[in-house]
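**Student:** Fold the stuff below for me.
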Amino acid sequence: MTVAMDPAMASVGAAEGLVSVRIGKQAFGVPVLSVQDVIAPTAINRVPLGPPEVAGSLNLRGRIVTAIDMRRRLGIEPRGADESTMSVIVERNGELYALLVDDVGDVLWLQANLHEPPPVTLSPEWRRLCSGLYRLEGELLLVLKVEEVLHLDPSTAMRPSPTAAAPAAAAEAPVAQSLFERLGGAAAVEAAVELFYRKVLADERINSFFQGVDMKRQARSQRAFLTMLMGGPNSYTGANLRSGHQRLKGLNDGHFDAVVEHLAATLKELGAADADIAEAGALAESARADVLNR
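**Tutor:** Here you go, the predicted structure:
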């Protein structure tokens with residue numbers, strides 16, 4: 001099902017559109033403008049180095065989508081083995097994510113002036129993930145902040161989750177996975193890029209190359225580039241490596257080595273396997289000539 005905005009309601013400036021979902025016993029609303037699609041239960045490939053909230057990845061019409069278990073994200077008890085999920089597909093920085101929920105209801109158009117702030121009785125974590133609530137007949141509808149829901153703690157990214165060691169996982173047929181999938185998908189790449197640039201900007205050997213650079217834009221471009229390089233969904237639209245580095249006067253092998261060093265250290269710190277770190281290093285090494293314009 002593709003979610004579309006009701007033109008009549010969209011013309012009412014005071015209306016807020018929400019896709020209603022249920023997670024556990026609680027009703028939530030996902031802002032309709034954040035929703036790309038809603039899909040029925042589908043096969044999910046486990047990613048053993050993903051954060052605990054990442055259930056795995058799924059294939060949506062040829063695109064790899066990171067699946068977030070919303071019960072885990074909200075600290076709700078896990079669902080039973082016989083309970084199915086629905087996937088609400090949302091987008092962030094050009095990457096698709098699937099929010100795994102227990103059920104999906106209607107698209108609700110609610111008067112924005114009835115939107116209340118999160119109650120003080122809500123737990124701190126839920127207050128961070130919700131922008132407020134609406135009082136529906138018989139229950140409260142909490143409004144999710146998609147940006148916060150998808151902002152996973154980098155310190156937990158790529159660390160083995162309990163599901164990775166479950167006996168059932170060992171019984172699954174082996175599936176060839178790209179380095180992007182093995183490292184944990186989009187959420188893991190985002191965490192790695194954040195930590196990587198912290199290291200780079202603290203390194204006096206190379207941080208001068210980033211003076212005056214819009215680092216938010218740089219990080220977005222780097223996420224897309226690494227995703228493409230590691231075999232993930234290709235959404236990179238930035239400059240090619242040669243033209244993108246031509247302006248960096250004096251860039252040499254020593255600088256390139258420092259960057260590769262920080263990439264390896266980042267992946268090591270986030271718990272990636274040695275073989276995957278070596279593969280990432282080899283991929284980076286393959287770009288040396290283009291980056292240095294040889």
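**Student:** Quick check: mean pLDDT of stretch 119-129?
**Tutor:** Mean pLDDT, stretch 119-129: 85.
**Student:** what's the span of it, first residue to last?
**Tutor:** 13 Å (Cα to Cα, to the nearest Å).
**Student:** Also stretch 103-120?
**Tutor:** End-to-end for stretch 103-120, by Cα to Cα: 27 Å.
**Student:** for it, the distance to its chain's centre please.
**Tutor:** Here stretch 103-120 is found 24 Å from its chain centre; the criterion is Cα atoms, centre = their mean, to the nearest Å.
**Student:** in that stretch, what's buried?
**Tutor:** 104, 107, 108, 109, 110, 115, 118 (16 or more other Cβ atoms under 10 Å). For glycine as for every other residue, the C-beta is placed from the backbone atoms N, C-alpha and C.
**Student:** dump the residue contacts of the first one.
**Tutor:** If I follow you right, that is residue 104. 19, 20, 21, 22, 38, 86, 88 (Cβ atoms under 8 Å, 6 or more residues apart in numbering).
**Student:** how about a cut-off of 10 Å?
**Tutor:** Going by Cβ atoms under 10 Å, 6 or more residues apart in numbering, residue 104 touches 1, 3, 19-22, 30, 35, 38-40, 85-88.
**Student:** nearest residue to it other than its sequence neighbours?
**Tutor:** Nearest-residue entry for residue 104: residue 86, 4.6 Å, with adjacent residues in sequence omitted and distances by Cβ to Cβ, 6 or more residues apart in numbering.
**Student:** distance of that neighbour from residue 99?
**Tutor:** 9 Å (Cβ to Cβ, to the nearest Å).
**Student:** Tell me which of the two has more neighbours.
**Tutor:** residue 99 (28 against 20; other Cβ atoms under 10 Å).
**Student:** Verify the contact between the more buried one and residue 67 for me.
**Tutor:** Yes. Here residue 99 reaches residue 67: they are 8.2 Å apart, a contact under Cβ atoms under 10 Å.
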